[in-house]
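S.K.: Need the 3D shape of this:
(one chain, ligands or ions: 2)
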Amino acid sequence: MTTLSLHGVGVSKGVAIGKVHLIERNQQETREYQIEEHLLQQEIARFKIAISLARQQLRSVRLHIPHGTPGNIASFIETHLLMLEDSALVEEPVNIIRERQCNAEWAVKIQRDILVSVFDQMDDAYLRTRKDDVDHVVNRIQRILLDHGLEAHEVPDTHLEGCIILAEDLSPADTVMMQHHGIAAFVIEHGGPTSHTAILARSLGIPSIVGVKRALRYVDEGDMLIVDADAGVVLVNPDPVILEHYKQRQLDIIRYQTELIHLKEAAAITLDGIEIELQANIELEKDYSIVKKVCAKGVGLYRTEYLYMNRVAPPSEEEHYQTYIKTMEMLDNIPLTLRTMDLGSDKNSGTGYESTSISTSVNPALGLRAIRLCLKEPTLFEPQLRAVLRASAKGPLRMMLPMLSTLQEVRDIFSIIKGIKQEFSEKGIPFNTDLKIGGMIEVPAAAVCADMFAQYLDFLSIGTNDLIQYSMAIDRVNDEVNYLYDPLNPAILRLIHMTINAGRQHNIPVAMCGEMAGEPKYVRLLLGLGLREFSVHPASLLEIKRIINDSKVVDLEAKALQILNAKDSSFANEMLDSLNIL
Ligand code: PEP
Ligand code: MG
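M.R.: Ligands and ions are numbered 1, 2, ... in the order given. Predicted coordinates:
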């Protein structure tokens, strides 16, 4: 028997084996039929009842949201409820029913097509994904009109335990209801790494692959699947040898993780006695429990832009303040590096309050993002700065500025902070007068001038995700140019090396908080290049610690320099392999 393999993008790591449950539900079968004039009012009433039933269903889903579900998922449901209040979905179909004298299902379909075509024309990748929201809401209305009732998985049930879900697409409401069922993995035909399902799967720690095109054509209900989310591969009805191999791999993963947990209290220190600062990256509340489980000594990157998402207005100073206080408390007051908001590009509020110039930009990643947006729109930024300063009186907090390109930006921020500090001093509002302020090196211009930034800032942190995007001129969310994403490219390594050296020269710490720091294969190279601070996803922290504790820096330096100077990537890769088996 040959094993069929399907490919996609692994968005939440791990391996799962199980029976598949198919969810085929997108685009309902609809057809147009004429409604006689005297029956039009009745048809409109049927449509209005469907809308109110859809609202009832979503309110009931909202009631079932389990405690601890990431806040952004709950807000997706709110977004769907808001859409059911919007005239585009509530009034326009009524006009269409009247004008075309057609059935409600058809009117909803016409309106859906109009809305989706508007989203399709948007340049912004995040906003384009919002067309999925239109589909999720329209499908719900259609299902009610066609009297198809609720999806099986919307009724809490246990028969899905251990199942792998294969779906064309999953709405946030679907995922919320399914997280109770002990799902082993998600395989989704559509979507990319920035889709809502990907975000949720990652925070739930469920192995998931998206973009597995036409998978529903090749898989039947109950088929046995292996989901290798590390490789982005789904194996359908695997032969016994492959199955055995993956069962073994699952056991190895469990054994490895059990071994790793013993390292949680250990210091991160190399074999030749160099102490390494190993911290965690956080974004959702869900991450806090892993941070504690692995006993991270600090947070090197707290992405605060998530606080700004899926809401109709930006957070107030008080809301920022309360969130930061709560975060520090929940993390037992370990040192926290709070990055001021990095909205823009693929990360938007979702409702557009931040700026109209963002979504209309042809190259949003090169536009009003992060510190640029903050300086342009002080109403978004100042409440955050004030809250950070106030919170700094309560615990070990540092502030980090994202996406710096010029020293002038640093000066501008410093002058705003100076004004706030003055006001607080006059009013007797407590804050840490010695609050440390650092900057992210993620724009090549800043890396080249890292020595200058090092003279102004208290610390630097290298954001390789953006540093690679901007150095190689590749859009982070465009899979067509992903092949150019190569941390070993000499241009990238030089920029990293320059930044580390600039920190040394000016005696300030330099960390790395981009994904490269959490990739096991680059740890020794980075140690060899002089990096002494890593901030990684908490789920990878112990593995990175194991590698650090198993490395001797003196043995790495010469080889790391050879990789830095390698002219050809296959040589660099060979050298990296040899560094990793030292
Ligand atoms: C980075 O760019 O490497 C980084 C850590 O920031 P973000 O991924 O949030 O842009
Ligand atoms: Mg970045």
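S.K.: Residue 309 touches residue 347, doesn't it?
M.R.: Yes. Proximity of residue 309 to residue 347 meets the contact threshold set by CB atoms under 8 Å, at 7.5 Å. Where you see a C-beta, it was placed from the backbone N, CA and C, and this is true even at glycine.
S.K.: higher neighbour count, these two?
M.R.: residue 347 (20 against 16; other CB atoms under 10 Å).
S.K.: Can you tell me the closest non-neighbouring residue to that one?
M.R.: Once its chain neighbours are removed from consideration, residue 347 has its nearest residue in residue 305; the separation is 5.4 Å (CB to CB, 6 or more residues apart in numbering).
S.K.: Then residue 2?
M.R.: Beyond its immediate neighbours in the sequence, the residue positioned closest to residue 2 (CB to CB, 6+ apart) is residue 239, lying 7.6 Å away.
S.K.: Look up which helix or strand residue 57 falls in, please.
M.R.: Take DSSP states H and E as the rule and residue 57 turns out to sit in helix 40-63.
S.K.: quick one: contacts of that helix?
M.R.: Contact with helix 40-63 is made by 35, 74, 77-78, 80-81, 84, 89-90, 93-94, 97-98, 101, 103-104, 107-108, 137, 140-141, 144-145, 150, 154, 173, 176-177, as judged by CB atoms under 8 Å, 6 or more residues apart in numbering.
S.K.: Could you give me the buried positions within it?
M.R.: Along helix 40-63, these residues count as buried under the neighbour rule (16 or more other CB atoms under 10 Å): 43-44, 46-47, 50-51, 54, 57-58, 61.
S.K.: same deal with stretch 252-272?
M.R.: 263, 268, 270.
S.K.: Mind putting the residues you listed into a markdown table with secondary structure and pLDDT?
M.R.: Supplementary listing: these in a markdown table, determined by DSSP: H, G, I helix; E, B strand; the rest coil; pLDDT from 0 to 100:
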| residue | secondary structure | pLDDT |
| --- | --- | --- |
| 263 | coil | 96 |
| 268 | coil | 98 |
| 270 | coil | 98 |
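S.K.: Just checking the distance from stretch 559-570 to the centre of its chain.
M.R.: 31 Å (CA atoms, centre = their mean, to the nearest Å).
S.K.: Report the rounded mean pLDDT for it.
M.R.: For stretch 559-570, the per-residue pLDDT values average out at 94.
S.K.: what does that stretch contact?
M.R.: Around stretch 559-570, the neighbours that count as contacts under CB under 8 Å, 6+ apart are 486, 488-490, 493-494, 497, 524-525, 527-529, 572, 575-576, 578-579, 582.
S.K.: Next, the distance between the ends of that stretch.
M.R.: 15 Å (CA to CA, to the nearest Å).
S.K.: end-to-end on stretch 272-283?
M.R.: Chord length of stretch 272-283, first to last residue, is 34 Å (CA to CA).
S.K.: and the strand of greatest length in the chain, how far from the chain's centre?
M.R.: Counting residues, the longest strand in the chain under DSSP state E turns out to be strand 15-23. Here strand 15-23 is found 24 Å from its chain centre; the criterion is CA atoms, centre = their mean.
S.K.: Check which helices and strands it sits against.
M.R.: If contacts are counted by 3 or more CB pairs under 8 Å, 6 or more residues apart in numbering; DSSP states H and E, strand 15-23 sits against strand 164-167, strand 185-188, strand 224-228, helix 240-261.
S.K.: would you turn the ones you listed into a markdown table with mean pLDDT and distance to ligand 1?
M.R.: Formatted as a markdown table, those follow (pLDDT from 0 to 100; distance: least, CB to the nearest ligand atom, whole Å):
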| stretch | mean pLDDT | distance to ligand 1 |
| --- | --- | --- |
| strand 164-167 | 92 | 27 |
| strand 185-188 | 93 | 22 |
| strand 224-228 | 97 | 25 |
| helix 240-261 | 93 | 23 |
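S.K.: Same list, the ones you listed, but as a markdown table with distance to ligand 2 please.
M.R.: Written out in a markdown table, the entries for the helices and strands packed on strand 15-23 read as follows (distance: least, CB to the ion, whole Å):
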| stretch | distance to ligand 2 |
| --- | --- |
| strand 164-167 | 31 |
| strand 185-188 | 26 |
| strand 224-228 | 28 |
| helix 240-261 | 27 |
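S.K.: Save these as JSON lines, and put in distance to residue 388 too.
M.R.: As requested, these are exported to JSON lines (distance: least, CB to CB, whole Å):
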{"stretch": "strand 164-167", "distance to residue 388": "40"}
{"stretch": "strand 185-188", "distance to residue 388": "36"}
{"stretch": "strand 224-228", "distance to residue 388": "41"}
{"stretch": "helix 240-261", "distance to residue 388": "33"}
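S.K.: shouldn't the residue nearest to residue 347 be in contact with residue 348?
M.R.: No. Residue 305 is beyond contact range of residue 348, at 9.1 Å (criterion: CB under 8 Å).
S.K.: Give the residue from these two that has the larger number of neighbours.
M.R.: More neighbours sit around residue 348 than around the other of residue 305 and residue 348, counting by other CB under 10 Å; the figures are 25 against 20.
S.K.: Off-centre distance for stretch 317-324?
M.R.: A distance of 22 Å separates the C-alpha centroid of stretch 317-324 from that of its chain, computed with CA atoms, centre = their mean.
S.K.: Then stretch 48-59?
M.R.: Averaged over its C-alpha atoms, stretch 48-59 has a centre that lies 31 Å from its chain's centre (CA atoms, centre = their mean).
S.K.: Would you mark the buried spots in the helix or strand harbouring residue 563?
M.R.: Assigned by DSSP H and E, residue 563 belongs to helix 553-564. Along helix 553-564, these residues count as buried under the neighbour rule (16+ other CB under 10 Å): 553, 555-556, 559-560, 563-564.
S.K.: Which pair of those spans the longest distance?
M.R.: The largest distance within these, taken as CB to CB, falls between 555 and 564 and amounts to 16.1 Å.
S.K.: one step back: doesn't residue 3 make contact with the residue nearest to residue 2?
M.R.: Yes. Contact between residue 239 and residue 3 holds when scored by CB under 8 Å: they sit 5.4 Å apart.
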